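Novice: all I have is the shape, not the residue letters:
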């Protein structure tokens with residue numbers, strides 16, 4: 001189903017034609033996905049293509065296509081004209097976009113909002129970040145958006161009761177600010193921008209920080225043990241145990257979020273090319289949450 005492009009006016013005074021793919025790794029029914037997609041509407045035509053179920057931890061995997069035999073199903077999301085549920089991980093959703101499955105080419109991929117900060121080593125396993133990396137592999141910039149959870153978050157994932165207090169609108173507002181800056185002056189090459197937002201009101205954010213990827217996560221799995229599965233010889237459940245919350249260095253991605261700051265991390269090759277375009281992103285963040293703390 002192809003939808004003709006239409007002009008979109010944004011505050012920087014330009015008329016642009018934008019198609020934005022919004023995806024996530026928590027599944028098509030995630031509230032964070034819906035809030036993020038609606039926040040992208042001022043910037044262009046928004047299409048959702050997200051997994052039909054939870055795919056946290058999938059990284060940039062697209063799956064064994066000859067085995068999973070992927071399908072797509074139309075879904076209804078309030079405020080979004082076109083939404084697809086895909087029977088595969090988020091990277092596959094983006095991969096299909098490059099093949100034209102959802103119509104005309106896309107100009108930007110935005111992934112999230114993930115409940116649980118994707119910082120430290122969780123960056124390398126995150127399906128949220130994996131979707132953005134897959135976008136860049138196809139020549140499109142990708143922006144991954146994650147939000148800390150209050151009181152609980154293990155290896156970049158927030159579960160169960162932890163997400164009840166998520167302030168999704170805060171993360172969506174920050175994401176819109178980053179996209180606004182990105183569109184004002186696109187970087188010279190496709191980039192991956194990993195955005196991590198504290199779980200608080202926008203007015204309570206303590207500025208922002210450009211960071212590298214840290215080495216630890218806010219809370220890690222500390223051990224895994226085997227528990228015999230009753231009635232099945234030689235079969236076991238894996239019981240995972242969680243460690244205590246970790247104190248992270250304030251200049252790392254995880255430390256910044258823990259301190260109430262927005263963490264902006266450019267993943268991959270940005271440091272090897274001109275930083276053209278990033279000043280506008282940084283300026284938009286400063287206008288929204290205050291100056292950089294670097």
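Specialist: The structure has been received and is ready for your questions. What you see is a predicted model; the values in this text were computed from it and never measured.
Novice: which residues of the chain fall in helices?
Specialist: 31-39, 65-68, 90-98, 127-137, 168-184, 253-258, 278-289 (DSSP state H).
Novice: those into TSV, with extra columns for mean neighbour count and distance to residue 24?
Specialist: Bear in mind the C-beta positions are built from the backbone N, C-alpha and C, glycine included. TSV is the format used below for the helices of the chain (neighbours: other Cβ atoms under 10 Å; distance: least, Cβ to Cβ, whole Å):
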stretch	mean neighbour count	distance to residue 24
helix 31-39	23	4
helix 65-68	9	18
helix 90-98	26	6
helix 127-137	28	6
helix 168-184	23	12
helix 253-258	27	19
helix 278-289	19	21
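Novice: quick one, which of these is nearest to residue 230?
Specialist: helix 65-68 (29.7 Å; Cβ to Cβ).
Novice: need the phi and psi values for the nearest residue to residue 63 once chain neighbours are set aside.
Specialist: Spatial nearest neighbour of residue 63, chain neighbours left out: residue 88 (5.2 Å); criterion: Cβ to Cβ, 6 or more residues apart in numbering. With angles defined as degrees, to the nearest 10, residue 88 sits at phi -180, psi 180.
Novice: give me every residue that touches residue 88.
Specialist: 51, 55, 62, 63, 65, 68, 70 (Cβ atoms under 8 Å, 6 or more residues apart in numbering).
Novice: which of these are buried? Put it as a ChimeraX command.
Specialist: This is how ChimeraX selects the buried members of the contacts of residue 88, with burial counted by 16 or more other Cβ atoms under 10 Å:
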select :51,55,62,63,70
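Novice: closest to residue 208 out of the contacts of residue 88?
Specialist: When the contacts of residue 88 are compared against residue 208 (criterion: Cβ to Cβ), the nearest one is residue 55, at 28.5 Å.
Novice: now do the strands in the protein.
Specialist: 8-9, 15-16, 19-23, 45-51, 72-77, 80-86, 108-115, 142-147, 192-197, 208-210, 221-228, 236-242, 262-267 (DSSP state E).
Novice: I'd like these written out as JSON lines, with distance to residue 287 added.
Specialist: Listed next are the strands of the chain as JSON lines, based on distance: least, Cβ to Cβ, whole Å:
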{"stretch": "strand 8-9", "distance to residue 287": "19"}
{"stretch": "strand 15-16", "distance to residue 287": "20"}
{"stretch": "strand 19-23", "distance to residue 287": "21"}
{"stretch": "strand 45-51", "distance to residue 287": "23"}
{"stretch": "strand 72-77", "distance to residue 287": "29"}
{"stretch": "strand 80-86", "distance to residue 287": "27"}
{"stretch": "strand 108-115", "distance to residue 287": "20"}
{"stretch": "strand 142-147", "distance to residue 287": "18"}
{"stretch": "strand 192-197", "distance to residue 287": "16"}
{"stretch": "strand 208-210", "distance to residue 287": "11"}
{"stretch": "strand 221-228", "distance to residue 287": "39"}
{"stretch": "strand 236-242", "distance to residue 287": "38"}
{"stretch": "strand 262-267", "distance to residue 287": "12"}
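Novice: between those, which one is closest to residue 185.
Specialist: Per Cβ to Cβ, nearest to residue 185 of those: strand 15-16, 12.2 Å.
Novice: quick one: low-confidence ranges for the stretch 51-200 of the chain?
Specialist: 151-162 (pLDDT under 70).
Novice: let's see it at 50
Specialist: Applying pLDDT under 50 to the stretch 51-200 of the chain flags residues 156.
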